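K.L.:
how would this look folded up:
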Amino acid sequence: MKPSTSSATGNTQQSPTENDNRKPPPSPLKDNITSIETRLMDYIGQKFDALSVNLADFKSSVNSQLETLSNTVATFEQRIRQLEFKTTELSKQNEENPEITSLNNTISSLHEQLNAQDQFSLRNELEISGITEAENENLCHIIATTAQKIGVKISEDDIDMINRVGTRHDTNNQPSTTQSRPIVVRFIRNSKRNEMINARRVRRNLSTTDIDLKGPQNTIYFNERLTKTNRKLFRDARMRAKEFGYRYCWVKNGQIFIRKEGQKYAKIIRNERDLNELQSGQSFK
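P.N.:
Take a look at the predicted model:
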């Protein structure tokens with residue numbers, strides 16, 4: 001028998017070099033990914049181009065609006081300067097115009113006369129502060145007791161009106177000096193009011209303990225009732241008096257007085273002009 005050969009059996013094996021040179025078949029998945037990446041990059045590029053255009057338009061719009069605003073501001077500033085100039089000129093003309101000056105003086109005089117009339121209507125009224133406010137208080141009894149302590153005899157016939165004035169504070173039914181409103185007493189006669197004030201000056205240490213009121217001991221003060229204008233004027237006068245060396249500042253019969261230590265006569269403060277004369281050193285009666 002003849003020996004069989006490997007070629008005859010059909011089992012001939014290829015060399016490793018031939019197997020390595022063979023290319024793998026194309027992958028559909030890879031082609032799809034590449035296509036998606038390409039389309040995505042094109043889309044992103046288009047969006048960036050559109051955004052660049054929008055930013056350029058926005059920048060141009062903002063610059064245009066800023067320019068318009070700047071021009072508007074410049075116009076307003078020019079108008080303001082013109083108005084300030086006109087106002088200054090008008091003020092100068094008013095100061096130089098005797099008719100306007102006379103009119104202003106007349107208006108000021110009328111205000112002072114009205115204030116004087118209002119003050120005269122308060123000539124019988126006494127303002128008492130420092131008395132603790134309480135619910136269901138008997139003001140007539142409190143005032144009668146206070147008057148008795150300073151040696152003044154009063155009756156209900158002497159009193160025309162009595163009440164607390166000012167904004168009411170919620171004290172939660174607890175006595176409070178800081179929240180107590182002042183008491184205003186309108187007497188029938190001015191002489192009785194003045195008698196109360198003079199007696200209080202003698203009894204300097206009058207307090208709520210002296211009239212048997214509950215709560216902390218508080219000093220009781222008597223003052224003439226003043227108009228709103230005169231209250232402010234009196235407050236300013238006290239400040240100016242302290243500033244310019246006037247030791248005394250007080251109210252009597254609705255008029256405000258100041259006096260330096262050693263001076264024989266007091267000065268009357270009727271208005272703001274009198275206060276300004278204190279500062280300038282001018283003398284007035």
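
K.L.:
Tell me where the stretch 51-200 of the chain is predicted with low confidence.
P.N.:
94-96, 169-178 (pLDDT under 70).

K.L.:
can you map out the helices along it?
P.N.:
Under the criterion DSSP state H, counting those that start in this stretch, the stretch 51-200 of the chain contains helices at 98-120, 139-149, 190-202.

K.L.:
any chance of the ones you listed in a markdown table, plus mean neighbour count and distance to Ser155?
P.N.:
Where C-beta positions appear, they are placed from N, C-alpha and C, glycine not excepted. Listed next are these as a markdown table, based on neighbours: other C-beta atoms under 10 Å; distance: least, C-beta to C-beta, whole Å:
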| stretch | mean neighbour count | distance to Ser155 |
| --- | --- | --- |
| helix 98-120 | 12 | 26 |
| helix 139-149 | 17 | 8 |
| helix 190-202 | 16 | 10 |
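
K.L.:
TSV for those, including distance to Gln78?
P.N.:
Shown next, in TSV, are the helices of the stretch 51-200 of the chain (distance: least, C-beta to C-beta, whole Å):
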stretch	distance to Gln78
helix 98-120	29
helix 139-149	64
helix 190-202	62
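
K.L.:
Out of those, which gets nearest to Ile44?
P.N.:
With C-beta to C-beta as the criterion, Ile44 lies closest to helix 98-120 of the helices of the stretch 51-200 of the chain, at 76.4 Å.

K.L.:
So which elements touch that closest one?
P.N.:
Packing partners of helix 98-120 (3 or more C-beta pairs under 8 Å, 6 or more residues apart in numbering; DSSP states H and E): helix 28-96, helix 228-243.

K.L.:
Of those, which is nearest Gly151?
P.N.:
Closest approach to Gly151 among these (C-beta to C-beta): helix 228-243, 27.4 Å.

K.L.:
contacting residues around that closest one?
P.N.:
115, 118-119, 226, 246-249, 251, 254, 256, 258, 269, 271-272, 275, 278-279 (C-beta atoms under 8 Å, 6 or more residues apart in numbering).

K.L.:
who touches Leu139 in this structure?
P.N.:
When contacts are counted by C-beta under 8 Å, 6+ apart, Leu139 touches Ile162, Asn163, Arg164, Ile183.

K.L.:
Mind picking the two most distant members of the residues you listed?
P.N.:
Of all pairs in these, the most separated under C-beta to C-beta is Ile162 and Arg164 at 8.8 Å.

K.L.:
Tell me the most packed of the contacts of Leu139, by neighbour count.
P.N.:
Among the contacts of Leu139, Ile183 has the most neighbours (other C-beta atoms under 10 Å), with 22 neighbours.

K.L.:
what about the nearest residue to that residue once chain neighbours are set aside, how many neighbours?
P.N.:
If the residues on either side of it in the chain are set aside, Ile183 comes closest to Ile128, at 4.5 Å by C-beta to C-beta, 6 or more residues apart in numbering. Ile128: 21 surrounding residues under other C-beta under 10 Å.

K.L.:
isn't Ile128 right next to Thr219, touching?
P.N.:
No. In this structure Ile128 lies outside contact range of Thr219 using C-beta atoms under 8 Å: 11.3 Å.

K.L.:
before we move on, back to that, of the contacts of Leu139, closest to Arg79?
P.N.:
Arg164 (53.3 Å).

K.L.:
who does the closest one bridge with?
P.N.:
Ile183 (DSSP bridges).

K.L.:
ok, now which ones touch it?
P.N.:
The contact partners of Arg164, by C-beta under 8 Å, 6+ apart, come to Glu133, Leu139, Arg181, Pro182, Ile183, Val184.

K.L.:
Swap in 10 Å and give it another go.
P.N.:
Arg164 makes contact with Ile128, Ile131, Glu133, Glu137, Leu139, Ser180, Arg181, Pro182, Ile183, Val184 under the criterion C-beta atoms under 10 Å, 6 or more residues apart in numbering.
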